[in-house]
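> I'd like to go over a predicted model; first the sequence, then the structure.
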Amino acid sequence: MKKEKTKLITSIGGQALIEGIMMRGPMKSTIAVRKSDGTIELEEIKPLGWAKKHKVLRLPLIRGVVGMIDSLVTGEKALMKSADKALDGEDDSDVQPSKLDLWLEKHFGDKVINAVMVVSTVIAVIFCIAVFYFLPTWLYNFTAEALTFMKQPVLGMERFWQSAYEGIIRIILFLVYMCFCTLNKDVKRVFQYHGAEHKTIFCYEYGLDLTVENVKKQIRFHPRCGTSFMVLMLIVGIIIGLFIPINHPVIRPVVKFCLLPLTVGIGYELIKLCGKHDNVVTRIIAAPGVWMQHITTKEPDDKMIEVAIEALKDVIPENGEDRIG
């Protein structure tokens with residue numbers, strides 16, 4: 001009887017980029033990008049690495065917040081680098097700058113570009129806070145006036161209805177946003193690279209040779225995915241909301257936003273648990289996020305898989321320190 005191959009539990013993770021993939025290993029992080037001439041370029045990228053420098057930042061709950069900040073900062077840097085590499089060599093001689101662009105460049109140079117990026121980021125953050133925190137609470141208060149059963153104080157049912165209502169609204173908004181993103185062909189390609197990342201990591205975890213054919217056979221839904229992490233945060237937010245005895249349309253969202261680090265910390269511990277163990281409990285916890293990955297990951301083509309393989313090979317340590325189980 002043929003012995004079934006044991007699945008390796010690894011710490012290696014990744015992120016889809018523009019025409020490329022970033023793989024993060026225990027020793028180094030590498031971005032691999034398919035350039036316009038068809039070649040694959042590799043470049044090491046330095047994460048913040050706060051957790052490695054300070055032991056206290058590796059404590060449960062705290063490490064989730066630190067890890068998320070590191071992932072956001074490093075991911076943004078990798079995304080910008082991938083865009084530069086992917087477009088390097090493309091002929092842009094036909095693109096003529098407008099008179100306004102020429103005037104801004106002449107008088108302000110890079111300062112105006114940096115200012116626009118900062119302002120855009122601030123506006124985007126404010127918009128996200130308003131949509132994901134204030135809007136659900138406002139909608140609940142508006143709806144509860146018409147649906148009197150939501151106001152029943154018996155056994156704390158009012159708090160239950162409010163937390164569930166707000167959580168469902170946030171999940172719907174997130175789902176609609178993800179579906180809307182798939183309409184953009186460039187974002188769809190990023191989702192294909194996302195699929196290539198997952199399939200390649202699965203191939204490595206099962207101890208198979210990192211070839212295009214072996215990678216193609218793997219599934220594209222991974223329990224340690226960032227999409228699963230986001231969904232878990234939304235679900236954890238519903239549970240935390242049950243313990244907030246405030247109904248004010250402004251104060252309640254502010255309190256929930258202030259509790260975001262706790263939400264992130266719990267979500268991180270859950271996603272770490274799902275990545276390390278495979279049983280009935282972890283499958284149930286991971287199920288909503290895995291389902292959402294049907295939207296955020298798409299089947300990659302062979303060239304995308306080649307990029308993922310090159311990125312993964314570059315971060316695999318020879319001493320096996322990537323193994324966590």
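Okay, I see it.

> so residue 22 sits in a helix?
No. Under DSSP: H, G, I helix; E, B strand; the rest coil, residue 22 sits outside any helix and is assigned strand.

> how many other residues sit next to it?
Other residues near residue 22 come to 28 when the count uses other C-beta atoms under 10 Å. For the C-beta atoms, the positions are set from N, CA and C on the backbone; glycine is no exception.

> now residue 268: phi and psi?
With angles defined as degrees, to the nearest 10, residue 268 sits at phi -60, psi -40.

> please give me every residue in contact with the nearest residue to it once chain neighbours are set aside.
In space, and not counting its chain neighbours, residue 268 is closest to residue 64: 2.7 Å by C-beta to C-beta, 6 or more residues apart in numbering. Contacts for residue 64 (C-beta atoms under 8 Å, 6 or more residues apart in numbering) come out as 264-269.

> adding neighbour count, write those residues out as TSV.
Putting the contacts of residue 64 into TSV (neighbours: other C-beta atoms under 10 Å) gives the following:
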residue	neighbour count
264	21
265	22
266	20
267	23
268	23
269	16
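
> ok, now how distant is the residue nearest to residue 268 from residue 274?
According to C-beta to C-beta, to the nearest Å, residue 64 and residue 274 sit 13 Å apart.

> for the helix or strand where residue 310 lies, name the packing helices and strands.
Per DSSP states H and E: residue 310 is located in helix 302-313. Contacts defined by 3 or more C-beta pairs under 8 Å, 6 or more residues apart in numbering; DSSP states H and E place helix 302-313 against strand 13-17, strand 20-24, strand 29-34, strand 40-44, helix 185-205, helix 212-216.

> sheet partners, orientation included, of the first one?
When pairing is defined by DSSP bridges, strand 13-17 lines up against strand 20-24 (antiparallel).

> which helices and strands does the helix or strand harbouring residue 170 pack with?
Residue 170 belongs to helix 157-181 when assigned by DSSP H and E. Other helices and strands packing on helix 157-181, by 3+ C-beta pairs under 8 Å, 6+ apart, are helix 135-144, helix 226-241, helix 280-296.

> hmm, who's touching the last one?
Put plainly, it is helix 280-296. Helix 280-296 is contacted from outside by 175, 178-179, 182, 191, 194, 198, 220-223, 225, 227-232, 235, 270-271, 273-274, using C-beta under 8 Å, 6+ apart.

> repeat that for the shortest one.
In this structure, residues lying in contact with helix 135-144 by C-beta under 8 Å, 6+ apart are 150-151, 161-162, 165-167, 169-170, 173, 247, 249, 252-253.

> mind checking which of these are buried?
Buried members of the contacts of helix 135-144, counted by 16 or more other C-beta atoms under 10 Å: 150, 161-162, 165-167, 169-170, 173, 252-253.
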